[in-house]
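Chemist: what's the 3D shape of this:
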Amino acid sequence: MLDFIGLIGHTVTLSDGTTETREIKCTRNAAASIAMACSGSSFEQAVLVLSRLAGLDINIMTGFRATDSVGSEFVKDVTAEIDADGIKEMTKKVSGNVLGARVDSLDDSDDKEEVIQQAAERGPDGVFHKDYSGPTIDVMYIQCDGTGVPGRRQELSGVKGKQPDGSAKTFEAKIGATFIVKYTADGKPLLTEGGEIYRDKKVSYVGTVRKVDDFGPMLYRHALDNGLEDMDAVVFLGDGAKWVWGIQESYFPYAMAGIDLYHAIEHVGSMVDLLNGLYGPGAKQRFKEKCIGLLRCGKVQEMLDLVETLPSSYGNEKKLDSAKGYFRTNIDHMKYGAFMACGIFVGSGVIEAGCKVIVGNRMKNAGMRWSKDSAEKMISLRCAIRNGEFFGSYLSDSVPHEHNAA
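Modeler: Alright, predicted model coming up:
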């Protein structure tokens with residue numbers, strides 16, 4: 001069986017006279033089979049499956065080396081500078097776009113509260129996808145987030161973390177996602193029969209464990225590859241992390257930007273917990289729900305005015321000021337009512353799911369510890385498989401593939 005698929009163990013002689021397998025050679029089909037199996041489950045489990053079902057008599061180290069090598073082919077090497085001219089052109093193109101104009105118009109309308117309330121109760125004003133055959137506009141959504149990857153102790157030395165002693169058990173992976181939603185020519189969302197926003201384009205992911213300075217252009221390049229320049233509008237969603245908004249401001253300054261509603265709601269809860277004067281059964285929860293209701297409608301200043309009517313609990317004055325500052329700083333990114341009424345997503349659930357799909361499901365299981373190098377390759381491989389790029393690019397020819405594990 002091994003001769004048939006071309007899997008060959010290659011040994012080298014070390015300085016002490018012993019031999020060690022340092023390289024394997026196999027056909028691209030064999031390499032793809034190994035990498036596909038090992039990207040979906042632990043190396044131990046994948047090797048067992050390959051042995052039982054495909055007759056591949058390989059050990060865990062061979063599985064790891066083959067997967068590492070295949071994954072390296074999908075690692076993005078993006079070192080491009082910010083394309084100032086391209087950003088200017090996109091700014092001209094999407095400036096005053098129909099969808100943004102709808103949001104601005106609603107913000108300035110006298111019946112804003114009524115429209116938002118109706119959207120909250122019945123969903124956005126849109127057109128059923130199955131009944132619509134007219135012209136459409138394309139809107140790209142861009143999201144990004146970070147998630148921890150359990151790392152090897154030697155790679156985490158000196159890294160500031162969340163453990164009681166300040167040490168870290170993880171290093172950060174940054175994941176980006178893009179997807180496209182179609183709206184009618186006048187900016188109304190296409191809806192499913194259930195009244196939800198219709199989305200027929202798959203999500204495409206990109207990821208790395210490198211620094212923000214590398215991830216920014218990587219996400220920008222990913223958006224370009226997925227049709228950014230052809231879009232009629234762009235929406236950028238993320239949490240309140242400074243690096244997230246640094247990327248938005250540098251690479252997508254023209255996008256309609258919003259902080260994920262559910263992250264903002266978590267901040268409301270933390271802020272209300274710092275208040276004093278909420279006595280009696282359920283008083284704090286009722287106050288919290290009132291604040292969240294105002295937030296959902298985009299009434300951030302009104303929510304802050306309400307919070308100002310109560311003092312902080314003893315010793316939490318600075319924490320409360322900081323919590324309020326989060327909303328004051330991000331108020332322009334919290335037009336939740338207008339966004340929802342116009343059929344624009346306000347949650348970053350897509351990227352939250354992406355962090356789980358790309359990283360969590362494979363790389364955070366019990367006992368796993370990753371080097372940054374191998375984590376980078378595994379994330380790149382899983383993104384390629386998820387995006388449908390793996391078979392199209394890796395198996396586009398039948399040239400024998402040589403893995404160098406040295």
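Chemist: number of residues surrounding the closest residue to D260 other than its chain neighbours?
Modeler: Take D260 and drop its neighbours on the chain: the residue closest to it by C-beta to C-beta, 6 or more residues apart in numbering is S348, 3.9 Å away. All C-beta spots, glycine's among them, are computed from the backbone N, C-alpha and C. When neighbours are counted by other C-beta atoms under 10 Å, S348 registers 26.
Chemist: S348 touches G238, doesn't it?
Modeler: Yes: assessed by C-beta atoms under 8 Å, S348 is found in contact with G238 at 6.2 Å.
Chemist: spatially nearest residue to the residue nearest to the spatial centre of the chain, not counting backbone neighbours?
Modeler: What sits nearest the mean C-alpha location of the chain, by C-alpha atoms, centre = their mean, is I351, with 3.2 Å. Leaving aside its sequence neighbours, I351 sits nearest to Q143 (C-beta to C-beta, 6+ apart; 3.8 Å).
Chemist: same question for S313.
Modeler: Nearest residue to S313, sequence neighbours excluded (C-beta to C-beta, 6+ apart): N276, at 4.4 Å.
Chemist: re the thing from before, the residue nearest to I351 belongs to a strand?
Modeler: Yes: under DSSP: H, G, I helix; E, B strand; the rest coil, Q143 falls within a strand.
Chemist: now do the same contact list for it.
Modeler: By C-beta atoms under 8 Å, 6 or more residues apart in numbering, the contact set of Q143 is G176, A177, T178, F236, L237, G238, S348, V350, I351, G354.
Chemist: check the gap between it and R221 for me.
Modeler: Computed as C-beta to C-beta, to the nearest Å, the Q143 to R221 distance reads 16 Å.
Chemist: and the strands in this protein?
Modeler: Under the criterion DSSP state E, strands of the chain are mapped to 8-13, 19-26, 127-128, 136-150, 170-184, 190-191, 204-208, 233-238, 256-259, 401-404.
Chemist: export those strands to JSON lines and tack on distance to A120 and mean pLDDT?
Modeler: Formatted as JSON lines, those follow (distance: least, C-beta to C-beta, whole Å; pLDDT from 0 to 100):
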{"stretch": "strand 8-13", "distance to A120": "63", "mean pLDDT": "43"}
{"stretch": "strand 19-26", "distance to A120": "57", "mean pLDDT": "59"}
{"stretch": "strand 127-128", "distance to A120": "19", "mean pLDDT": "94"}
{"stretch": "strand 136-150", "distance to A120": "21", "mean pLDDT": "96"}
{"stretch": "strand 170-184", "distance to A120": "20", "mean pLDDT": "96"}
{"stretch": "strand 190-191", "distance to A120": "15", "mean pLDDT": "94"}
{"stretch": "strand 204-208", "distance to A120": "31", "mean pLDDT": "97"}
{"stretch": "strand 233-238", "distance to A120": "19", "mean pLDDT": "96"}
{"stretch": "strand 256-259", "distance to A120": "16", "mean pLDDT": "95"}
{"stretch": "strand 401-404", "distance to A120": "55", "mean pLDDT": "47"}
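Chemist: G40: which of those is closest?
Modeler: Nearest of those to G40, taken as C-beta to C-beta: strand 204-208 at 15.5 Å.
Chemist: now W243. Nearest residue, chain neighbours left out?
Modeler: Closest residue to W243 apart from its sequence neighbours, by C-beta to C-beta, 6+ apart: V212 at 4.6 Å.
Chemist: contacts only, for that neighbour.
Modeler: K174, W243, G246, I247.
Chemist: ok, the third one to R153 distance?
Modeler: Relative to R153, G246 is positioned 30 Å away (criterion: C-beta to C-beta).
Chemist: mind checking which of those two has more residues around it?
Modeler: More crowded of G246 and R153, by other C-beta under 10 Å: G246, with 13 against 10.
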